[in-house]
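**Q** pasting the sequence and the predicted coordinates here, then a few questions.
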Amino acid sequence: IEDRAVCEIEKLENKDISAFIRPFDLQKAPLMRVGYYENIVMIDMHHTITDGGSMPVFLQELNELYMGRELDTKPVQYKMFSILPMDYSKSEAYWMSVFHDEPPVLDMNMDFKAGQKKTYNGDALYEVVKPELYNQILDKSKELGITPYVFYMGAFNILLSKYSGKEDIVVGMPMSGRSGKFMNTLGMFVNTIALRNAPEGEKTVQRFLNEVKQNSVNAIAHQDYPFGELVKKLNIGTSVRNPLFDVMFAYQSEETSRIIFGDKEAEIVPMPVNTSKYDFTFNILPKGNYAIIMTEYCTDLYKKETMQRLAESYKNILEQLLDEKQKLKNISAMTKSEETYVMNDFNDTYAAYPKDTCMHQLFEKQAEQHPDRIAVIAYDQTLTYHQLNVKANKIAHSLMDMGIRKGDIVAVALPRKSYLIAALFGVLKA
C-alpha cells in the first residue's frame, strides 16, 4: 500500500468515455486516472481501491478541495481495515441457518439457451417511476413502517415469483460492508449477500413486506460474512450459473446519486453498459420526485423487448402493492394491454377442424404433410413435426410396453422444455 501517489490529469480530445477507460497496471500506483474534456470530468478507478460507498466520500472531499477549503476530518485509512482481525462465527451461523436446506434455483424462461461457458455481454435499459407513483410509494412506506428500499425489493421478489412460478426466491444484493470508524474510509469494502424471501400467494402484501424488512435487517446485521466463504461452506458448484442466485437488486439512496461542486449540482453522465455479470440486475435510482429503474441484462440470454416487458411488469406490481391488504396471489404481472391481448386476441383460436378426429391424429397428419416445418420452439431446442412425431412415438411405445391402455391415467410432471410436448402427444397416442 503506497502512502503517497501522484495522479496526472489528462486533457482529452473528445468525450468518448469508452476510450478513456482502459486496463491498469496493478503493480504501479495510482490505480486511478482523471481526464477532462471541456466541462466533463472523467474519473476511472480500479475496483481494488474503491467501491460505490467510497464515491460520495471521495466526491465530497474533492469538492472541499475544489472550493479551497481544508478537509475537516482525517478518516481511518484502509490499511487499518485490511489488518483488522475478524470473527465471523455468529454471521456464519446465521447464514447457514438461512440456507439450511437446498437453495432454490430461479427457473425463468430465457430468449436464448445458456451456453456451456458463462458469458458477460450486456446492455442496459431505463424506465421511470413517475412522480405520482413515486410519492405514493414514499407515503405507503411511511404508513407501513418500512423503508422505500423494502417496498421496491418486495416488488422485485414478487416479479420473480410471477415469472418463475416459484415461492422461494434468492436475490443477490451488494452491501456497503462499512461500519463504525470506517464509514468515511476510501477502499474496497463492498460485499454481496444472498437475500432469501418467500413470496407465497396466501400472504398479504403487508405481511410479506414486513418479512422482507425483517430478513433485510438480519442480513445487514451479518453482512460482514464473505460471500465466497458462504459458497464454500454450502459446497455449491458454480458450473455455468452463478452460485446461489442469478439476479441482483440494488437500491441507491438519493444522497449517493447527487454530486455538488461549489453551490451547483453536477450532472452524472451515464456510463455505457456492455457487460453484465448476472442474468439481469435491477437498479433503483431515486431522483428527487421520481426514480429511475436501470435494468442491466445479459444479451446472450435475453432480448431487449423481454427486459422492457419485465420492467413494465415491475412498475405494474409497484402500483398494486399500494393495496397492502390484498393477497400476493391476486397480484398480476401483466399490464392492462397484455391482459387485453391474452384474453381477447391471443385466445381467439377458432378454427374449423374434423370433429371425428383426435388431436394426435391431426398432429400425425400435419407431420406427414409438412415434416420439415417447425413444430416446437423451446429454450432447450427446436423440433420439426417429424422430429416431434418420432419422439412422441417412442414415448407411446414405451407406455404401451408398460401396460398402459385406453382410459388409463398418465401423470406428466416435466419442466417447460421440448420433451414436454413430446410426452403429451406420446400419452395421447398410447
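**A** Structure's in. What do you need? Residues are numbered from 1 along each chain as shown.
**Q** what's the spacing between Pro103 and Asn274?
**A** Here the criterion is Cβ to Cβ, to the nearest Å. By it, Pro103 lies 30 Å from Asn274. All C-beta atoms are positioned from the backbone trio N, CA, C, and that covers glycine.
**Q** can you tell me the SS state at the residue sitting furthest away from the middle of the chain?
**A** Distance to the chain centre peaks in the chain at Asp356, reaching 49.5 Å (criterion: Cα atoms, centre = their mean). Secondary structure, DSSP: H, G, I helix; E, B strand; the rest coil: Asp356 is coil.
**Q** now do the helices in the stretch 1-150 of the chain.
**A** Assigned by DSSP state H, counting those that start in this stretch, the stretch 1-150 of the chain shows helices spanning 17-20, 54-66, 78-82, 89-98, 131-144, 148-164.
**Q** just the buried positions in the third one, please.
**A** Using 16 or more other Cβ atoms under 10 Å as the burial criterion, the residues of helix 78-82 that qualify are Tyr78, Phe81.
**Q** so which elements touch it?
**A** Applying 3 or more Cβ pairs under 8 Å, 6 or more residues apart in numbering; DSSP states H and E, we find helix 78-82 packed against no helix or strand.
**Q** just the strands in the stretch 301-430 of the chain please.
**A** Secondary structure of the stretch 301-430 of the chain by DSSP state E, counting those that start in this stretch: the strands cover 374-377, 382-384.
**Q** and what of the stretch 151-300 of the chain?
**A** Per DSSP E, counting those that start in this stretch, the stretch 151-300 of the chain carries strands over the ranges 169-175, 191-197, 247-251, 259-261, 264-266, 280-286, 291-298.
**Q** now these as JSON lines including distance to Ala219, mean neighbour count and mean pLDDT?
**A** Below are the strands of the stretch 151-300 of the chain laid out as JSON lines (distance: least, Cβ to Cβ, whole Å; neighbours: other Cβ atoms under 10 Å; pLDDT from 0 to 100):
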{"stretch": "strand 169-175", "distance to Ala219": "8", "mean neighbour count": "21", "mean pLDDT": "94"}
{"stretch": "strand 191-197", "distance to Ala219": "5", "mean neighbour count": "20", "mean pLDDT": "94"}
{"stretch": "strand 247-251", "distance to Ala219": "12", "mean neighbour count": "20", "mean pLDDT": "95"}
{"stretch": "strand 259-261", "distance to Ala219": "29", "mean neighbour count": "14", "mean pLDDT": "76"}
{"stretch": "strand 264-266", "distance to Ala219": "33", "mean neighbour count": "11", "mean pLDDT": "80"}
{"stretch": "strand 280-286", "distance to Ala219": "17", "mean neighbour count": "21", "mean pLDDT": "95"}
{"stretch": "strand 291-298", "distance to Ala219": "22", "mean neighbour count": "22", "mean pLDDT": "96"}
